[in-house]
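In: Just a sequence and a predicted model for now, questions to come.
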Amino acid sequence: MVKISLKPVSAQKPDKENDEEKIAIPQAHAQPVPTNRYCIPLLILAAVTLTLVITGIFSYRHLSALRQAPEDSLFHCRVVYEDSMYNPLRGRQQELEENVGIYFDDNYEQISVPVPHFGGSDPADIIHDFHRGLTAYYDIALDKCYVTELNTTMVMPPRNLWELLINVKRGTYLPQTYIVQEDMVVTGRVKNMRQLGPFIHRLCFGKETYRLRRRKQHRVERRETKKCSSIRHFENTFVVETRICDRV
């Protein structure tokens, strides 16, 4: 705030000089007016600048996760889960580990499951392509690729999965969880690999690639009755066993 003071006008001056004082009073007011005229815009400019700085800081913090994604998009995870399929009445604890890569710009996730410490599951590389709406499983033991529609009820999108893994990054293990099973059946050979998108194409190039269909009704069958393979993985708060069976 600018304080403007006026010189007092003497009431004892002659009338001839009063007219001159009447002219002088506006001059007294006019002297600080330019200061007031420039001060207000400066205050507005300072306020706008401060607002922009605060907004910039907030935006930077809000978008920092995306900017840090190339450096912080790779995770090595291990999870302990209750294997109720081994014994429905009394489950057995199992441990699963995998490497996860999350790529925001291209909107896909890549998962590598090494050879498990227990039998019954194959090592695999998996891609969830949210842009194409496809999932690809490369069964390393069979050297075959399988492609199916992306199941968004099973697979967290990149942002959600990234936040989940970041929240548990301080520890080595994810919280103890459970396992669910999905049954898939082979429906035919994929002939046009380019329609699968660049990431799945790169994963499955040069390998036998088949399409999968999910079974609408879950049926419990012994593995011996049908030629099936199994891949255990996680990209959610639970472990998934993807069971892939040939056509009958």
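Out: Okay, I see it.
In: in the chain, which ranges drop under the pLDDT threshold?
Out: In the predicted model of the chain, residues 1-39, 41, 53-71, 85-91, 118-119, 172, 217-226, 248 satisfy pLDDT under 70.
In: go with 50
Out: Per-residue confidence of the chain (counting by pLDDT under 50) places the weak regions at 1-14, 16-30, 33, 58-70, 222-224.
In: what's the strand ranked longest in the chain packed up against?
Out: Longest strand in the chain by number of residues, with DSSP state E as the criterion: strand 173-189. Under the contact definition 3 or more Cβ pairs under 8 Å, 6 or more residues apart in numbering; DSSP states H and E, strand 173-189 sits against strand 74-83, strand 144-149, strand 208-214, strand 228-234, strand 239-245. All C-beta atoms are positioned from the backbone trio N, CA, C, and that covers glycine.
In: cutoff 7 Å now
Out: Judged by 3 or more Cβ pairs under 7 Å, 6 or more residues apart in numbering; DSSP states H and E, the packing partners of strand 173-189 are strand 74-83, strand 208-214, strand 239-245.
In: Packed most tightly, which of the ones you listed would that be?
Out: Stretch with highest mean neighbour count among the helices and strands packed on strand 173-189: strand 239-245 (a mean of 21; mean count of other Cβ atoms under 10 Å).
In: quick one: contacts of it?
Out: Taking contacts as Cβ atoms under 7 Å, 6 or more residues apart in numbering, the residues outside strand 239-245 that touch it are 79, 81, 96, 137, 146, 154, 177, 179-186, 212, 226-234.
In: Domains in the protein, by residue range?
Out: If you go by automatic domain parsing, the domain ranges for the chain are 15-70, 73-245.
In: contacting residues for Tyr210?
Out: Tyr210 is in contact with 144, 146, 186, 188-190, counting by Cβ under 7 Å, 6+ apart.
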